[in-house]
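A.B. asks: what's the 3D shape of this:
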Amino acid sequence: MAVYGYTRVSTVEQAEDGHSLETQRRMIEGQATILGKTVDRIFTDRAVSGGRPLDKRPQGQVMLDILQRGDAVIATKLDRMFRSASDAIQMLEQFKNRGVSLFLLDLGGDVTGNGVSQMVFTIMSAVAQFERERIAERIAEVKETQRRKGRYLGGITPFGWRVTDDGGLVEDPGQQRAIDRMAEMRDYGKSLRVIADIMKADGFSISHAGVVRVLKARERGEAA
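C.D. replies: Numbers count the residues shown, from 1 in each chain. Sure, this is the predicted structure:
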């Protein structure tokens, strides 16, 4: 029987700081001691999102490849290993079929054992997935609110606008005149590529796809 640990942090900062990984390592070694074992190896995925399935993570895949019947895997939390309820349940079945024990410390220990542990595992997996989806919804809501307020959300500055020191978007007079001209040319039936070529000749770097985006945004009264 080999005992393996699995640890993960989602950001470069956490990986470089090391405290979170060290805490996970100590907890894993503590559980191994309780089992009367020592940890043979700890697999660590640094700066890897929990949204990636375990078998698509660099060290997660290595660990899965070497597991043999009778081995045990220890992780500190459900969300260190799994991205969703379905992912967790599917992997739990794989562990059971391979004769591998899975210990999740936040769920009390071996979740491949008795029926109660498996029930708790399933419920907690579903709750973890719901929390992630709700966080994603809140982030999307905040971004939409900021967008409606004309706030700059990062990335390429919309054509026709410039970013202020406080992160707001204000119209760029020169580019706004260029947008008006693009709309006029389009009304006269000029093609998108011709419009883009004319804009480039006038010193504006914009593709025909960018012309489409700008004109649609203009119709909606938004920044492209």
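
A.B. asks: residues in contact with the helix or strand hosting Gly174?
C.D. replies: Assigning secondary structure by DSSP states H and E places Gly174 in helix 173-187. By Cβ atoms under 8 Å, 6 or more residues apart in numbering, the residues outside helix 173-187 that reach it are 159-161, 192, 194-195, 198-199, 202, 204, 211, 214-215, 218. Any C-beta I mention is one placed from the backbone N, CA and C, and that applies to glycine too.

A.B. asks: report the rounded mean pLDDT for it.
C.D. replies: Mean pLDDT, computed over helix 173-187, is 91.

A.B. asks: next, the angle helix 173-187 makes with the helix or strand following it.
C.D. replies: Downstream of helix 173-187, the next assigned helix or strand under DSSP H and E is helix 192-201. Angle between the axes of helix 192-201 and helix 173-187 is 150 degrees (criterion: axes from the mean of the first three to the mean of the last three Cα atoms, to 10 degrees).

A.B. asks: how about the helices of the chain, start to end?
C.D. replies: 12-17, 19-34, 58-66, 78-81, 85-97, 115-148, 173-187, 192-201, 208-220 (DSSP state H).

A.B. asks: and Ala72, which of those helices is closest to it?
C.D. replies: Evaluated with Cβ to Cβ, those place helix 19-34 nearest to Ala72, the distance being 8.3 Å.

A.B. asks: mind listing what's buried along the closest one?
C.D. replies: Ser20, Leu21, Gln24, Arg25, Met27, Ile28, Glu29, Gln31, Ala32 (16 or more other Cβ atoms under 10 Å).

A.B. asks: widest-spaced pair of these?
C.D. replies: Ser20 and Ala32 (19.1 Å).

A.B. asks: coming back round to it: which one of the contacts of helix 173-187 has the most neighbours?
C.D. replies: In terms of neighbour count, Val211 stands highest of these at 27 neighbours, by other Cβ atoms under 10 Å.

A.B. asks: against Pro173, how distant is that residue?
C.D. replies: 19 Å (Cβ to Cβ, to the nearest Å).

A.B. asks: quick revisit: can you redo the buried residues of helix 19-34 as CSV with distance to Asp180?
C.D. replies: Listed next are those as CSV, based on distance: Cβ to Cβ, whole Å:
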residue, distance to Asp180
Ser20, 53
Leu21, 55
Gln24, 58
Arg25, 61
Met27, 63
Ile28, 63
Glu29, 67
Gln31, 67
Ala32, 70
